[in-house]
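Asker: Prediction below, plus the sequence it came from.
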Amino acid sequence: MNKFTIAIAAAAVVCVFPATAADTNIDVRANIKATCVIDQVTSIDFGDLNQGTTAPDRTAPGNVRYWCTKGATYTVATGNGNNASGTQRRMKGVATTNSTEYPAYTLTSAAPASGTGTGPGAPATVTFTAGVKGVDYNVLSVGQLKDTVVVTIAP
């Protein structure tokens, strides 16, 4: 065989059997999970309650700042507290002088029970107002009073 014949035969093989490539797709995925984060809490503090012949009713504010994933629906729930009797919220005396005393208090919030998250760049705040009646604390012994209320913000 001469060189010319070999070159034509090689060209024919290349034309008859072209190289092929394999293609496929690969998906890139992520999922933004619904979450809620509480990032600031201001406790409710009545301060010093001074007894007297006409002890005044007292109120005190508190708040919880939070954010939920943008577009996630969430609920806000407030427990009755650690010292509740049924649905009546009560503080408990923590000193030896008042450890058996449980004065009642109220806790209200203007926040809706549910909502839709706006993301971490736009936190929301639920503001609470607690109230205690003068006639309830006017009969108590000296010492600190306390209760703990659980606030749950859940997607």
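Answerer: Arrived safely, thanks for sending.

Asker: which residues in the protein form strands?
Answerer: Assigned strands in the chain, in chain order: 36-42, 58-68, 73-78, 92-93, 106-109, 114-116, 124-132, 145-146, 151-154 (criterion: DSSP state E).

Asker: Need those strands in CSV (columns: mean pLDDT, distance to Val28 and mean neighbour count).
Answerer: For glycine as for every other residue, the C-beta is placed from the backbone atoms N, C-alpha and C. Listed next are the strands of the chain as CSV, based on pLDDT from 0 to 100; distance: least, C-beta to C-beta, whole Å; neighbours: other C-beta atoms under 10 Å:
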stretch, mean pLDDT, distance to Val28, mean neighbour count
strand 36-42, 97, 27, 13
strand 58-68, 97, 26, 18
strand 73-78, 95, 27, 16
strand 92-93, 98, 55, 19
strand 106-109, 97, 43, 14
strand 114-116, 93, 28, 13
strand 124-132, 96, 32, 17
strand 145-146, 98, 52, 16
strand 151-154, 96, 30, 16
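
Asker: Quick one, which of those gets closest to Thr100.
Answerer: Thr100 lies closest to strand 92-93 among these, at 6.8 Å (C-beta to C-beta).

Asker: helices or strands up against that closest one?
Answerer: With contacts taken as 3 or more C-beta pairs under 8 Å, 6 or more residues apart in numbering; DSSP states H and E, strand 92-93 sits against strand 145-146.

Asker: in its sheet, what does the strand it packs on sit against?
Answerer: With DSSP bridges as the test, strand 145-146 is paired with strand 92-93 (antiparallel).

Asker: Would you mind listing the outside residues contacting the strand it pairs with?
Answerer: 82-83, 99-102, 140-141, 143-147 (C-beta atoms under 8 Å, 6 or more residues apart in numbering).

Asker: let's see it at 10 Å
Answerer: 81-83, 98-103, 140-148 (C-beta atoms under 10 Å, 6 or more residues apart in numbering).
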